[in-house]
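Peer 1: Next one to model:
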Amino acid sequence: MSKPPIAAFQDHLGDFTASPRLLLLAGMAAVAGLGGTVAAFVLLKLIALCTNLAYDQTVSTVMRDFPARLPLWTILIPVAGGLVIGLMARYGSEKIRGHGIP
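Peer 2: Next up is the predicted model:
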């Protein structure tokens, strides 16, 4: 039995027609991308707010540069954050236990 010529396969592989469902999928992808962008923007603003509250005692969402030298007491800020997270992991919900961010 002989194999069919390659040209017969090329017609089948060259069919790149798109159905209207592709537009729906593209719209869903655009909405998901926009949602991810908004979430990242909000997260950056929250990080700036928490950093400014902890280090400068100001309410601002503008990211600032750190000075060349920080006071020695600022070492306690990440230590306090680590203790809070450790207590939450130990005595809090079962869902936050594990390595990294479960």
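
Peer 1: Which parts of the protein belong to which domain?
Peer 2: 19-66, 69-102 (automatic domain parsing).

Peer 1: Just send the ones you listed back as a markdown table, with mean pLDDT too.
Peer 2: What follows is the domains of the chain, written out as a markdown table (pLDDT from 0 to 100):
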| stretch | mean pLDDT |
| --- | --- |
| domain 19-66 | 92 |
| domain 69-102 | 81 |
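
Peer 1: Using JSON lines, lay out those together with mean neighbour count.
Peer 2: In short, each C-beta sits where N, CA and C put it, glycine included. As requested, the domains of the chain are exported to JSON lines (neighbours: other C-beta atoms under 10 Å):
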{"stretch": "domain 19-66", "mean neighbour count": "11"}
{"stretch": "domain 69-102", "mean neighbour count": "10"}
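
Peer 1: Show me the residue at the heart of this structure, geometrically.
Peer 2: Ala40 (6.1 Å; C-alpha atoms, centre = their mean).
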